[in-house]
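Enquirer: The following block contains a protein sequence and its predicted model.
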Amino acid sequence: MTTHTEPLDSVLEAVGETPLVRLQASPDEVPVFAKLESFNPGASIKDRLGEYMLRRMLERGDVDPGGTVIEPTAGNTGIGMAMAATQLDLAVTFVVPEKFSVEKQVLMRALGAEVVNTPTEEGMKRAIEHAGELAGETDNATVPQQFSNRLNAEAHEQTTGPEIREALDGAVGALVAGCGTAGTLMGTARHLREHVPALHVVAVEPEGSLLARTEGQSVEQSEYTIEGIGTTNLATNKLYDPELVDEVRQVSDRTAHAEMQRLASEEGQLVASSAAAASVAAQDVAERIRDGELDVAHERVVTIFPDSSERYLSKGVYGTFEEWAGEDDG
């Protein structure tokens with residue numbers, strides 16, 4: 001297990017080296033290990049992105065000290081970038097569709113960020129457009145654009161992947177992770193594939209998302225409640241490389257909600273819906289390996305739990321499925 005053992009000088013030094021914990025529901029013969037990214041100081045995997053991307057952009061001269069980073073984000077990326085900005089002499093402005101987690105927006109503002117909301121019905125497309133407009137009106141400003149910036153995946157290639165490999169002595173048979181920007185899965189998979197060429201890579205998305213079309217699956221776009229992963233427009237997922245992915249697994253809202261509650265009540269894991277979806281898919285992969293349906297180099301599966309359910313309590317994650325999915329008329 002990775003951990004910090006020495007006193008640190010800055011909150012940014014606490015990013016990464018998160019624990020890897022076995023899922024108790026996984027088969028004895030093929031354990032699943034989950035990387036608990038809520039142990040980062042900003043409580044999500046996006047702390048890695050914020051710290052790594054802002055440092056590299058300063059080094060490259062994309063923005064100068066004292067400048068402004070403007071990013072369209074659903075929340076966790078904003079928290080990670082805002083936390084990094086407090087230590088790197090940068091201002092931050094985030095463009096956030098109104099429907100996303102109130103908790104995340106409060107935290108971004110607490111970290112000194114300006115938060116600009118765009119209409120929910122116009123989605124991330126409008127948020128991305130407006131971020132570009134703001135950058136054009138601001139001196140010494142840049143838009144990192146996590147959906148297309150190679151530094152997103154590179155952050156995980158340099159940190160998440162090596163940590164997993166070190167913790168498991170390289171014995172990883174399958175990597176299963178949710179895909180939003182796809183930076184986490186792409187970067188982690190690239191590192192692990194260098195050391196385990198036969199690594200089986202699974203991208204996880206909600207039912208109603210469209211990544212499965214890249215694997216030839218006939219899926220239809222529909223609304224989903226699982227937050228933080230999935231796409232309704234494949235053109236925006238510029239980091240996603242289907243050549244790195246062996247299969248795309250879709251998980252329904254109802255299945256993810258049940259797993260989110262099970263993880264809390266049975267395993268003490270307070271994780272959100274994207275982690276629950278990854279958990280379901282990872283256990284399925286482990287069971288197929290156990291049953292001889294999937295051949296891998298090592299009988300171990302790794303998944304990634306991006307953040308904590310505490311960020312989503314206002315969404316009713318621990319209520320009934322109907323409450324969480326917004327189907328309760330009462």
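Expert: All right, it came through fine.
Enquirer: who does the longest helix along the chain touch, helix- and strand-wise?
Expert: Counting residues, the longest helix found in the chain (DSSP state H) is helix 273-290. The contact analysis (3 or more Cβ pairs under 8 Å, 6 or more residues apart in numbering; DSSP states H and E) places helix 273-290 against strand 32-36, strand 174-178, strand 200-206, strand 247-251, helix 253-267, strand 301-305. All C-beta atoms are positioned from the backbone trio N, CA, C, and that covers glycine.
Enquirer: quick one: contacts for the closest residue to residue 142 other than its chain neighbours?
Expert: Distance criterion Cβ to Cβ, 6 or more residues apart in numbering; nearest residue to residue 142, sequence neighbours excluded, is residue 63 at 4.3 Å. Residue 63 makes contacts with 57, 69, 90, 140-142, as judged by Cβ atoms under 8 Å, 6 or more residues apart in numbering.
Enquirer: swap in residue 284?
Expert: For residue 284, the contact set (Cβ under 8 Å, 6+ apart) comprises residue 249.
Enquirer: and if you look at residue 317?
Expert: Residue 317 is in contact with 257, 260, 272-273, 309, 324, counting by Cβ under 8 Å, 6+ apart.
Enquirer: Closest to residue 46 out of the residues you listed?
Expert: Ranked by distance to residue 46 (Cβ to Cβ), the contacts of residue 317 are led by residue 272 at 12.6 Å.
Enquirer: returning to that earlier point: nearest to residue 253, of the contacts of residue 63?
Expert: Residue 253 lies nearest to residue 69 out of the contacts of residue 63, by Cβ to Cβ, at 32.9 Å.
Enquirer: still on that earlier bit, what comes up buried for the longest helix of the chain?
Expert: Residues of helix 273-290 classed as buried by neighbour count (16 or more other Cβ atoms under 10 Å): 273-289.
Enquirer: picking that back up, compile the helices and strands packed on helix 273-290 into CSV and extend it with columns for mean pLDDT, mean neighbour count and distance to residue 222.
Expert: Converted to CSV, the helices and strands packed on helix 273-290 look like this (pLDDT from 0 to 100; neighbours: other Cβ atoms under 10 Å; distance: least, Cβ to Cβ, whole Å):
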stretch, mean pLDDT, mean neighbour count, distance to residue 222
strand 32-36, 98, 24, 28
strand 174-178, 98, 29, 18
strand 200-206, 98, 25, 9
strand 247-251, 98, 21, 11
helix 253-267, 98, 19, 10
strand 301-305, 98, 28, 25
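Enquirer: Could you check these and tell me which one is nearest residue 75?
Expert: By Cβ to Cβ (comparing all of the helices and strands packed on helix 273-290), the closest turns out to be strand 174-178, at 15.0 Å.
Enquirer: Done for today, thanks.
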